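*Asks:* Provided below are the primary sequence and the corresponding predicted coordinates.
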Amino acid sequence: MMNETVMERSEPAFDAMSRANAFKSGMRRFASGVALITSAAAGHRAGLVATAISSVSTAPPTLLVCINRSASAHEVIDRSEVYAVNLLAAADLDLVDVFSKSARRAERFTSGDWQTQITGAPVLASALAAFDCKVVQRLACETHTIFLGEVLQVGIAGQDVDPLLYMDSAFRRLERAA
């Protein structure tokens, strides 16, 4: 028999704006790795910083990325049907500024060692892990498209990793717990 847990809340029901703000505040408490999502179509490369990625399956290996439809990389991923998920090391923090500001779009692939694998999506050589994916499904949800990608190739960095993390509107480093 499954047990049901009921959470009691002391605050009254709140309007949509309050709920959205509460949601954002709550999600800021969720520490996550930082990735560059990259793609290429017709000789044009595009990319953005993302924390909204997740593994879906191992049979076949599948990753999902959530991309705002207003992001410049959205159209490139949608058209090319490929993307790479590049998990960033703390040493790659400088790339976050370049990939998160539209004014610096022309600089995005001038720093770092960029390569390609099976799909042709740009892969960062210094990434802790890089997943080369082909889109197998799209789901529209509000302002975003959820792209599910079958992982065709994986590049993994050496054993000594120092991941870049994001939590509470700040970039952080991982420290081992005692």
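*Replies:* Perfect, I can see it now.

*Asks:* What's the separation between Leu139 and Ile77?
*Replies:* Plainly put, Leu139 is 13 Å away from Ile77 if you go by Cβ to Cβ, to the nearest Å. For the C-beta atoms, the positions are set from N, CA and C on the backbone; glycine is no exception.

*Asks:* Kindly check the end-to-end length of stretch 65-83 for me.
*Replies:* Using Cα to Cα, to the nearest Å, one end of stretch 65-83 lies 9 Å from the other.

*Asks:* returning to that earlier point: if you count surrounding residues, which of Leu139 and Ile77 has more?
*Replies:* Taking other Cβ atoms under 10 Å, Leu139 and Ile77 do not tie; Ile77 has more neighbours (28 against 11).

*Asks:* Next, the more buried one: phi, psi?
*Replies:* phi -60, psi -40 (degrees, to the nearest 10).

*Asks:* could you measure it against Arg19, distance?
*Replies:* 30 Å.

*Asks:* Also Asp160?
*Replies:* Using Cβ to Cβ, one gets 43 Å for the distance from Asp160 to Arg19.

*Asks:* out of these two, which sits in the busier spot?
*Replies:* Arg19 (11 against 5).

*Asks:* Which of the helices or strands spans the more buried one?
*Replies:* Element membership for Arg19 (DSSP states H and E) is helix 16-27.

*Asks:* Give the next helix or strand downstream of that helix.
*Replies:* Per DSSP H and E, helix 16-27 leads on to strand 32-33 as the next helix or strand towards the C-terminus.

*Asks:* The helix or strand bottoming out on mean pLDDT in the chain packs against which elements?
*Replies:* The weakest-scoring helix or strand in the chain, judged by mean pLDDT, DSSP states H and E, is helix 16-27 (a mean of 87). Packing contacts for helix 16-27, counted by 3 or more Cβ pairs under 8 Å, 6 or more residues apart in numbering; DSSP states H and E, involve no helix or strand.
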